[in-house]
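Need coordinates for the below:
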Amino acid sequence: MRSAFDFSPLYRSTVGFDRLFDLLDQSSQIDSMTNWPPYNIEKAGEDQYVITMAIAGFSTDEIEITQKENQLVVSGQKKGSEEGKQYLHRGIATRAFKQTFNLADHVKVVGAGLENGLLTIGLKREVPEALKPRRIEITTARSQPQQIEHDKAA
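Numbering: from 1, shown residues only. Predicted coordinates:
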């Protein structure tokens, strides 16, 4: 099933973005139950991002954050027993969760903290100098093109 958006015009004019379009299609089909716990993704600067997740009732030793390549996985599992407790109303969910975030290239986790039931994960995009765009000088026919020298520290 396709999403409400028709990406076919973009398929005709782009190359190599199939994964992006597939992710957009998948995100529109995700069941609301998999979106627990609720979270925000915020752009905090030019190359900085913050993910905030509402995980009331979980402590730091019950949460695991793992980054492998371009995936960030946040999971939580309550420890301990709640035997003997009788609830008249239970509105704070304590079920296990696993939330996966697909990260762009060169995005790294720079820190995480838990305060007042909110897990905050700081992310930063650090593009290596060798991959950043650089300006190329254009020479005229009268002048010789300058030879580009590369670092020989290999």
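
can we go C-alpha only for contacts and neighbour counts from here?
Noted.

what sits up against stretch 107-127?
47-60, 67, 70, 105-106 (CA atoms under 8 Å, 6 or more residues apart in numbering).

repeat for stretch 59-72
Applying CA under 8 Å, 6+ apart, the contact partners of stretch 59-72 are 73-79, 100-105, 107, 109, 114.

let's see it at 7 Å
73-79, 100-105, 114 (CA atoms under 7 Å, 6 or more residues apart in numbering).

Also stretch 74-87?
With CA under 7 Å, 6+ apart, stretch 74-87 has contacts from 58, 62-66, 94, 96-100.

Tell me which residues are up against stretch 39-54.
Around stretch 39-54, the neighbours that count as contacts under CA under 7 Å, 6+ apart are 37-38, 117-125.

Among these, which are located in strands?
118-125 (DSSP state E).

model confidence over the one helix or strand residue 40 maps to, on average?
Using DSSP states H and E, residue 40 falls within strand 39-43. Here strand 39-43 scores 92 as its mean pLDDT.

Now do the buried residues in whichever helix or strand residue 109 is part of.
Using DSSP H and E, residue 109 sits in strand 107-115. Within strand 107-115, the residues that qualify as buried are 107-109, 114, counting by 16 or more other CA atoms under 10 Å.

the helices in this protein, which residues?
Assigned by DSSP state H, the helices in the chain fall at 8-13, 18-29.

re earlier: which pair of the contacts of stretch 74-87 spans the longest distance?
Farthest pair in these (CA to CA) is 66 and 94. Separation: 20.5 Å.

Also compute the angle for the strand holding residue 40 relative to strand 118-125, please.
40 degrees (axes from the mean of the first three to the mean of the last three CA atoms, to 10 degrees).

That's all I had, so thanks and see you.
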